[in-house]
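Q: Mind folding the following:
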Amino acid sequence: MSTGREEDRPAYLAADLLLRAGRLLSRALPGRIKRGIEDRFFYAVFNVTRVTNDNYGWRPPEGSGGPP
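A: Sure, this is the predicted structure:
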């Protein structure tokens with residue numbers, strides 16, 4: 001993996017090491033624990049990134065069939 005910049009190399013090595021450790025750990029964990037961690041992670045990401053209409057002050061018109 002070559003970026004052409006030597007100062008980027010430590011970051012790529014650290015990321016590679018972290019990903020390899022994660023893969024090894026995921027193979028060692030029982031399925032139930034792995035699913036629980038996955039569910040918590042994706043639930044947290046969903047809650048952090050969700051956007052609601054309330055944030056923009058816009059509401060669908062009454063009777064449009066959209067969410068209130």
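Q: Quick one: low-confidence residue ranges for this structure.
A: For the chain, the stretches flagged by pLDDT under 70 are 1-4, 51-60, 65-68.
Q: Okay, L25 and E6: tell me how far apart.
A: 30 Å (Cβ to Cβ, to the nearest Å). Yep, even glycine has a C-beta here, placed from its N, CA and C like the rest.
Q: Pick out whichever of those two has more residues nearby.
A: L25 (11 against 7; other Cβ atoms under 10 Å).
Q: in this protein, which spans are helices?
A: For the chain, the helices identified by DSSP state H occupy 9-28, 31-49, in order along the chain.
Q: Reformat those helices as TSV; add distance to P61.
A: What follows is these, written out as TSV (distance: least, Cβ to Cβ, whole Å):
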stretch	distance to P61
helix 9-28	47
helix 31-49	27
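Q: Quick one, which of the ones you listed gets closest to E62.
A: The stretch from those with the least distance to E62 (Cβ to Cβ) is helix 31-49; that distance is 28.2 Å.
Q: Dead centre of this protein: give me the residue that sits there.
A: Ranked by distance to the mean C-alpha position of the chain (Cα atoms, centre = their mean), the top residue is V45 at 5.1 Å.
Q: Check the gap between it and L29 for me.
A: With distances defined as Cβ to Cβ, the gap from V45 to L29 amounts to 20 Å.
Q: same thing with Y12?
A: As it turns out, when the distance is counted by Cβ to Cβ, Y12 lies 26 Å from L29.
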